[in-house]
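**Student:** predicted structure and sequence below. I'll ask about it afterward.
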Protein chains: 2
Amino acid sequence: MTTTHPQESRTDRVAPSATTPSSTGSIDVASLPSPGIEQQVPEGERIDVGQLGDVLDGRWKDVRRDVRALAANPDLVKVEGLPKEEHRERVLGQLHQLAELGVPTRGFPDYVGGSENPGAYIAGFEELVLLDPSLQIKAGVQWGLFASAIYQLGTREHHEKWLPDALSMKLPGCFAMTEIGHGSNVAGVLTTATYDPESEEFEIDTPVRAAWKEYIGNSALHGLAAVVFAQLITKGVNHGVHAFFVPIREEDGVGGTRWLKGITIEDDGLKGGLNGIDNGRIRFDHVRVPRENLLNRYGSVAPDGTYSSPIDSPGRRFFTMLSTLVQGRVSLSGAAVITAKVGLATAIRYGTERRQFTGADEHQEVVLMDYQRHQRRLLPLLARTYAANFAQAELLDRFDDVFSGRHDTDEDRQDLETQAAAAKVVNTWLALEALQESREACGGAGYIAENRIVGLRQDLDVYVTFEGDNNVLLQLVGKRLITDYGRSMAKIDVAGKARWVAERAADMTLHRTPLRRAAQSIRDTGSMARSAGHLREEDTQRELLEDRVEAMVEEVALALREARRAPAERAAAIFNANQDALIEAARAHAELLQWEAFTAALGRVRDEPTRRVLTRLRDLFGLTLIEKNLAWYLMHGRLSSQRAQAVTSYVNRLLVRLRPHARDLVDAFGLGDDQVRAAIATGAEAARQHEAREYERSQRASGKEPINEKVLHEGQKRAGLART
Amino acid sequence: MTTTHPQESRTDRVAPSATTPSSTGSIDVASLPSPGIEQQVPEGERIDVGQLGDVLDGRWKDVRRDVRALAANPDLVKVEGLPKEEHRERVLGQLHQLAELGVPTRGFPDYVGGSENPGAYIAGFEELVLLDPSLQIKAGVQWGLFASAIYQLGTREHHEKWLPDALSMKLPGCFAMTEIGHGSNVAGVLTTATYDPESEEFEIDTPVRAAWKEYIGNSALHGLAAVVFAQLITKGVNHGVHAFFVPIREEDGVGGTRWLKGITIEDDGLKGGLNGIDNGRIRFDHVRVPRENLLNRYGSVAPDGTYSSPIDSPGRRFFTMLSTLVQGRVSLSGAAVITAKVGLATAIRYGTERRQFTGADEHQEVVLMDYQRHQRRLLPLLARTYAANFAQAELLDRFDDVFSGRHDTDEDRQDLETQAAAAKVVNTWLALEALQESREACGGAGYIAENRIVGLRQDLDVYVTFEGDNNVLLQLVGKRLITDYGRSMAKIDVAGKARWVAERAADMTLHRTPLRRAAQSIRDTGSMARSAGHLREEDTQRELLEDRVEAMVEEVALALREARRAPAERAAAIFNANQDALIEAARAHAELLQWEAFTAALGRVRDEPTRRVLTRLRDLFGLTLIEKNLAWYLMHGRLSSQRAQAVTSYVNRLLVRLRPHARDLVDAFGLGDDQVRAAIATGAEAARQHEAREYERSQRASGKEPINEKVLHEGQKRAGLART
């Protein structure tokens, strides 16, 4: 159900006519397709959907498709509107089924029955979101957090003791890190684990209400044990946050469970979504666990209470421990991209069938996707989703490099941490935006639960604040960019630095004066069409996007220089006054990574027409990024006013050229009816439209159709005129 | 729990220091407050919360407060997570209670027991959203649509026959306009009402699946009758869409109801929210109703089938009929503003108590609202909510003027229609944005249903597409702007017009060249501080906002001129190529109305400190609007690069100055714990924080606090250095 416009190739060569105000972004309308007049894409210009699907699914495509196929099993997918209690039990049962299918084993070593293939493990885990986000997150709690913490923070003895049961679901567990009072600030948790050399035990304690472990998945009902993060205190010294294995429930002998001594748990109750997971709050009242329950890969306590660690610096140790848990962010980032695909697949399928208002053809209403506004709403999101897909593939490659041990230095881990944080942020926000725009683009139908978009959006909502709040993560990325900038500065000698600073200052002044702009204006005397050609060039897009990130980082870095030697209060004020700029720089960096990944992926497409369409989609991604930040480019003298106007104009042109391929572009996601599961995305709308049109046609043909009063009036007027 | 910063007044006079790159929008940090160092607002500078509340609640404040007080009755408010079936019955019961309280009578005439006070009626109706959005919308279906259609489209006989029972809830009813195939395009509905002079009946028929009435509230369970919109056909002529009173259910004699002959109803089932309403789909299979059931205020059929109408033009008649239903949009627009208030009240109360990460004070973490980013996220939304409140008050005034009959010409109705469409769009989107940002700003707590934000967002989601899809409504507003522009052009004579067009063309060219910008650059040689002073001026903001709307409308109007004489296909293409620009012009117009209303409201505040703070909030609204469209101002030569940079800089400064008043500004909304009903907005967080700080303080005081390993390391290093 795609359309095309044979005039299309002409738009390339046509400059806007003098009568068309170019500042509205219009282009020569003579070359534009008229809404409601549909044509087919000639066969030779169509996307090779299969090949594009392979490029999208990438390195672990077989694993992805195996997991995706599970959506055909009705027992494994979400039932919308199930009461919370039933939903929780259903998801628990599904976890047992996944365990039987061996889904989690790819993430763990052979001596506990695994096949340790970290990249494949995460790829498969990402796809679980297609079954039910609650299922994915409960699986994430069980295997990605609880079992992973035992594996990554514990030692061989711990692995052999607990992992087989954790993998088989015999031992459901929790990951108790967050506290009510300390969400993002993990280093500040108040739970203590105080070593008692007499009994050779740790005493886990929750001293105040703010220290209750909060939002803990698996805790309200099913968890038998928890990995608990607490301040390790021994011999009067606090060695910082460490992880402990703490049993919390036991079988009560009559088919149920009961809390262990000192444990209190409250149910978090209903949430905005993800109600298949039993989140809760845990309090530890002087709960004692054996010394051996400290997961001691990065810090041990001898029987006499002496602390030792392979990592001297407490800061580096804390970072290393947390960095082992990066897979949570990596997999949520990927899952978010997949849900964006489901939303867009639904809205674009529906948008190519749904009609509203007549256009050029009075007997046939216009398909929604033919409206410029509809294209504007959905196609840039489609381009972002492609970019996110390819950036996620690169992230997963790096994750596999680190966790397979191939490239696992401190620096590799820091890079992975930064890249994962950046991707998690832009992808989870993308998911919410794509789902919301898709929901609105489907109108009332988008609001009906059976069309799934609202349920997905409700479930995905919390992805933007859990596993690292998005704003906090962006700040983390921003700080890393500033540090890197500082390091690159440090490599220049003192004299060089002074010269460099002077040059940059001059350069920045130049950017802010009309001089550079004037220079560009001279180059811009050619037609707008040539400007558009320039914008289409890969190097132009790269330069604009890279330049912005560099300049933003530099501006913040220069502003923060002052803070380094300032007293604490003033330093905090300086940092705060630049917080928003720092976060925006981090976001620009994350988007640049996506653009680069998209561009790199173009080279992996062999089919010529497919690559041509995909290149336009990449251009749409790059240019909508530039358009979003157009004011920055203008103020900083990177784009002349004339060229800036060409951006919107060219974006509008790309929309028209991509429109005929919209359906193929979502089909390449490889999501069938089993995965999308939206009644409106199955052709039902096309069938209704067809029936209605046939009815109207037969009415007209039968001669029984009533005359429209308007037509009657016009006829009477003409008759009146004829008589006079 | 507000803070202030005595240095604040200084920021006015301080130009940015040479070392601070102004392009990041930074200001002299020496004058900035440091996060974590809190101070109180001096008493004389505090907002008069009571007076501001009166200004906000406006003309019908007593009605508003009476309805708001109903939220104290636990029987009348939403219970989160109720199964759909129970929720529907609960809301039905609540409607009966509201009927007993006389809530709907204000909208209807005395001869059916009402007091006909249209403005007060809508003001009260808006506030119902505080009880439960499902309750509001079901009340809207019953009284705002079903009963109102009988009142507005019917005649005295209809009123006396059906309205008393509709008001008392003895006759629950539906408003059956939308069809599956025709959501926004009401003129295109396929349901027919064919007059049969033999029996003197209309036959209502649903010819195809696409013509089923869809998303009809009250239809799945409770409605006994429906006002049905269908093409009126008599004597072989289709007179367009008219409304008919059609019974759909009857009592079955055993306590239930059954469908009447020819009626089929399907339940829409679970939705993304508003699950207290029984939406469904209705099919009419040759259902017969008496001739008198045509609601015939604007069109009658005589027994012999002769059609007559007080309005000759079918187009104008259709518009007039639909315009009587504008109150739906007016009241949803107002309800949306109120939910934005609930979200922001929750997030800002929580944000002034919640702490995360230490700043300047190592023993006390920083309150979220002290972070620049947090201010950036919430305060501009607060400013928009104020603007929306005041614009809504003006809309309601105009509504009251028209519906009280004081100013009720065709033009008044058109103006009201346009203003209502514009307000409905910006306010419903504002509600979703404010609720989402508030949810994220509360982190995990925002996702817990007991804190209400997620539930409100789910319920409000559909407000952006029902009662007129937001994008379709903006297009409607845009078309009206183009028409008005055309009319003002038509008043100029031909010679004048040619001259005017030439001048405008020259003007537009000027805007696009560096000439005008260069001129502004010369004026801009003063300090940045003076630029900020300029931006603070009311006239500057007005000129920038007005100018943009005018220029955008003009650009689209000029582009569309071509379409007027073009063949249909080409005209459709031209229109489509400008659709996005048209819609953006309409949005700019809607935002300008808000700015104007906010500015007008400043004059209603007598208390000097309150007006000062409110003026800053208006500036924040105006400048964030300008900032959002900064690229446009730069490209069109309205702002120099230097002045554009001052916008962000001044916005950041306003955030700092408004921060201490944030709590008072949401308190002025007049929403108490009964209305907000969020556990995190009740001081619980402050109590937890207080307990945690007291615990830490007592630990330090007791000398039992373990030494931090980091401190130990530093101590050892110093000792080692001392030894060498």
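**Tutor:** Perfect, thanks for sending it. Quantities reported herein were computed from a predicted structural model and do not represent experimental measurements.

**Student:** what parts of the stretch 301-450 of chain A come near chain B?
**Tutor:** A:307, A:312-315, A:355-360, A:362, A:365, A:370-373, A:376-377, A:432, A:436, A:439-440, A:443-444, A:446-450 (C-beta under 8 Å from any C-beta of the partner chain). Just so you know, the C-beta spots here come from the backbone N, C-alpha and C atoms, and that holds for glycine as well.

**Student:** just the buried members of these?
**Tutor:** A:307, A:314, A:355-360, A:365, A:370-373, A:376-377, A:432, A:436, A:439-440, A:443-444, A:446-450 (16 or more other C-beta atoms under 10 Å in any protein chain shown).

**Student:** which of those residues fall in strands?
**Tutor:** For these, the ones inside strands are A:307, A:355-358, A:365, with DSSP state E as the criterion.

**Student:** out of the residues you listed, what pair is the most spread apart?
**Tutor:** A:Y307 and A:T358 (77.5 Å; C-beta to C-beta).

**Student:** now name the helix or strand holding A:F245.
**Tutor:** strand A:237-247 (DSSP states H and E).

**Student:** can you list the residues that contact stretch A:676-687?
**Tutor:** Defining contact as C-beta atoms under 8 Å, 6 or more residues apart in numbering or on different chains, one finds that stretch A:676-687 is touched by A:1, A:71, A:77, A:342, A:345-346, A:349-350, A:353-354, A:442, A:445-446, A:448, A:450-453, A:673, B:209.

**Student:** what is the rounded mean pLDDT of it?
**Tutor:** The predicted model gives stretch A:676-687 an average pLDDT of 93.

**Student:** likewise stretch A:213-230?
**Tutor:** The average pLDDT within stretch A:213-230 is 98.

**Student:** try stretch A:183-196
**Tutor:** So the average pLDDT for stretch A:183-196 ends up being 93.

**Student:** quick check, A:A577 in contact with B:Q372.
**Tutor:** Yes: using C-beta atoms under 8 Å, A:A577 is in contact with B:Q372, at 6.4 Å.

**Student:** now list whatever residues contact both of those two.
**Tutor:** Common neighbours of A:A577 and B:Q372 (C-beta under 8 Å, 6+ apart) are B:N652.

**Student:** residue ranges in chain A under the pLDDT threshold?
**Tutor:** A:1-32, A:36-40, A:492-531, A:720-724 (pLDDT under 70).

**Student:** show me what contacts the residue nearest the centre of it?
**Tutor:** By C-alpha atoms, centre = their mean, the mean C-alpha position of chain A lies nearest to A:N427, the distance being 1.6 Å. Neighbouring residues of A:N427 by C-beta under 8 Å, 6+ apart: A:333-334, A:336-337, A:340, A:388, A:392.

**Student:** check which helix or strand it maps to.
**Tutor:** According to DSSP H and E, A:N427 maps onto helix A:410-441.

**Student:** quickly list the domain ranges of chain A.
**Tutor:** A:61-325, A:328-667, A:683-719 (automatic domain parsing).

**Student:** next, format the ones you listed as CSV and append distance to B:D539.
**Tutor:** CSV is the format used below for these (distance: least, C-beta to C-beta, whole Å):
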stretch, distance to B:D539
domain A:61-325, 44
domain A:328-667, 23
domain A:683-719, 48
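
**Student:** how far off centre is the strand holding A:F245?
**Tutor:** 32 Å (C-alpha atoms, centre = their mean, to the nearest Å).

**Student:** so who does the residue of the stretch 201-350 of chain A found nearest chain B touch?
**Tutor:** Chain B sits closest to A:G272 of the stretch 201-350 of chain A, with a gap of 3.0 Å, by C-beta to the nearest C-beta. Applying C-beta under 8 Å, 6+ apart, we find A:G272 in contact with A:458, A:461-462, B:439, B:446-449, B:453-455, B:457-458.

**Student:** quick one, phi psi at it?
**Tutor:** phi -70, psi -10 (degrees, to the nearest 10).

**Student:** check which helix or strand the residue of the stretch 451-600 of chain A found nearest chain B maps to.
**Tutor:** Closest residue of the stretch 451-600 of chain A to chain B, C-beta to the nearest C-beta: A:V454 (3.0 Å). Using DSSP H and E, A:V454 sits in helix A:453-460.
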